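Q: Model the structure of this input:
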Amino acid sequence: MKYLNLKRTVISIFLIWGLSLFSFGSGENDSFQIGDLKVNPGEIKSGYLSVPEKDGIETLIPLTIINGAKEGKVLALVAGVHGYEYPPILALYRLKKTIDPKSLSGTLIFVHIANLPAFQKRIIYYNPDDWKNLNRVFPGDPQGTISQRIAHVLTEEVVKKCDFLVDLHCGDGNEALIPYCYWMQSGDKKTDEMTRKMVLAFGIKYIIIDKSRTKDKAHSKYLANTAILHSRPAITTESGYLGTTDEESVIRNIKGILSVMRLFKMIEGKPEFVSDPVWIDHYEVLYSNSDGLFYPLTKMGYYVNKGEKVGYVTDYLGNVKEELRAPFSGIILYIVYTPPVSKGEPLYEVGRVKQ
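A: Predicted coordinates for the structure are as follows:
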C-alpha cells in the first residue's frame, strides 16, 4: 500500500511538472495577427484567410480571433477540415458568442470551416476542385492544388502561430461514429504528457493511443500531426455522426473546448478530466476492394470478435463481391451506414481496448 501511495504521488508530481513546463503569464497581452486580420488585446474580430488563386481556383478560410486582454497561450481550434462534419463547425460559431475577450487570458483562433469548397458542396472527405482529402496533404504546397494550398496556408498562418491546437472532427456524412479522440504520441516526453492532459481534459471517454503517425515533417499528412511535428501539442477529437447536427454532439464539443481552455488557464475554473477513460491501444481501418453497395451487420459502439462478419459489399447488380470481418476483437469506432462505397474508401474502424 505504501508503494502504491508513493507511486501515485510521483505520478502526480510528474503531471504537475509537465504542465508547469508550459508557463502562464498574468500581464497585459499583445496584439495578434493572422493574415490581414490584426486584433488588439481585449478585442474579437472575424475575417478571412485567402488561399491564393492558381489555375483559376481560389478559396477563403473563415476565422475568428479572440485576443484576450491578459497574456497567455494561443489555442487554435480548427473545424471543417472535412466539410460534411457539422457539429464542430456549429460549436465554434456558438462558442464565439460566449467568450468575453476582456476576461480571457491568451488568444483563441477559431478556424470555422477549413475546407469551404467541400462544405459548400456537401461533399464527404474530399475537396470538389481537386478530389483530394485535405487531412492527407499537410503541410501543403503553395504551388500545389487547392487542397495543398489550403493546407499550406493553415500550416503557416495557424499551426506556426499557435501554442496548442485541437483538430475538431466527427463522423462524416456516411459514418456512424461514437465519440472518441486520438492521443498521438510523438516520442517527446514533454509533448506527449501535454497532449495526454489535453485529451483527458476534452472529456471524451474513448481515447486511441496512436503511435502510427509519420515523423516526416515534410509529409506530415494530418493537421494535428503537423502541429505536433512543429512542437505544438495537438489532439484530434471526434464528436458527431452521419453528417447530422444533433445538439448532444455540438454541446460535447463546446464542453471539451472550454475544459481545455481551463487547462491552459485561459478562463476561470478547473478542467473536467474524463474520469473513466477507455484506452484503445490498437486500431485498424478496413477499406473496400470494390465499388458498389455496403451492407453493415453491426453498429457503432458494438463489440465484435475476431473473425466476426461485420458487413459485405455487393456490385450494382446485387452480387456479393466481398465479406468484411473483424481483424481482431474490439469495439466498432465507426462504420459506414450509407450504401454507396467506392474502391479504396473506408468501411469501418475497429479498436482494441487496452487491458
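Q: Show me what stretch 39-58 is in contact with.
A: Here stretch 39-58 makes contact (CB atoms under 8 Å, 6 or more residues apart in numbering) with 28-38, 59-70, 96, 99, 101-102, 107, 129-130, 142-143, 146, 149-150, 153, 157. All C-beta atoms are positioned from the backbone trio N, CA, C, and that covers glycine.
Q: same question for whichever helix or strand A76 is part of, mean pLDDT?
A: Element membership of A76 [criterion: DSSP states H and E] is strand 70-78. Mean pLDDT, taken over the full extent of strand 70-78, equals 98.
Q: Name the next helix or strand following it along the chain.
A: Once strand 70-78 ends, the next helix or strand along the chain (criterion: DSSP H and E) is helix 86-96.
Q: Touching that next one from outside, list them.
A: Outside helix 86-96, the residues within contact range by CB under 8 Å, 6+ apart are 44, 46, 64, 66, 77, 79-80, 110-113, 119, 168-170, 237, 239-240, 243-246, 249-254, 257-258.
Q: what do you get for stretch 144-158?
A: Contacting residues not belonging to stretch 144-158 are listed as 34-35, 49-52, 54, 57-59, 61, 76, 78, 109, 111, 114-115, 117, 127, 129-130, 132-134, 137-142, 165, 223, 226, 230 [CB under 8 Å, 6+ apart].
Q: What's the PyMOL syntax to select whichever of the residues you listed are buried?
A: With 16 or more other CB atoms under 10 Å as the criterion, this PyMOL line picks the buried residues out of the contacts of stretch 144-158:
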select buried, resi 34+35+49+51+59+61+76+78+109+111+114+115+117+127+129+130+132+133+134+137+138+139+140+165+223+226+230
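Q: Please flag which of the contacts of stretch 144-158 sit within strands.
A: Those of the contacts of stretch 144-158 mapping onto strands are 34, 49-52, 54, 57-59, 61, 76, 78, 109, 111, 165, per DSSP state E.
Q: Go through these and name the one nearest Y348.
A: Taking CB to CB as the measure, V78 is the one of the ones in strands among the contacts of stretch 144-158 closest to Y348, at 25.4 Å.
Q: Near the residue nearest to Y303 when sequence neighbours are not counted, how many residues? Count them for me, please.
A: Spatial nearest neighbour of Y303, excluding adjacent residues (CB to CB, 6 or more residues apart in numbering): I331 at 5.4 Å. The number of residues packed around I331, counting by other CB atoms under 10 Å, is 20.
Q: Surely I331 touches I208?
A: No. In this structure I331 lies outside contact range of I208 using CB atoms under 8 Å: 10.7 Å.
Q: where do the contact lists of those two overlap?
A: The contact lists of I331 and I208 share I280, G351, where a contact means CB under 8 Å, 6+ apart.
Q: For the chain, which residues score under the pLDDT cut-off?
A: Across the chain, the ranges flagged by pLDDT under 70 are 1-26.
Q: Name only those of the contacts of stretch 39-58 that count as buried.
A: Restricting these to buried positions leaves 29, 32, 34-35, 37, 59, 61-70, 96, 99, 101, 107, 129-130, 146, 149-150, 153, 157, with burial counted as 16+ other CB under 10 Å.
Q: Out of the contacts of helix 86-96, which sit inside strands?
A: Secondary structure defined by DSSP E assigns I44, S46, T64, I66, L77, F110, V111, L168, H169, T237 of those to strands.
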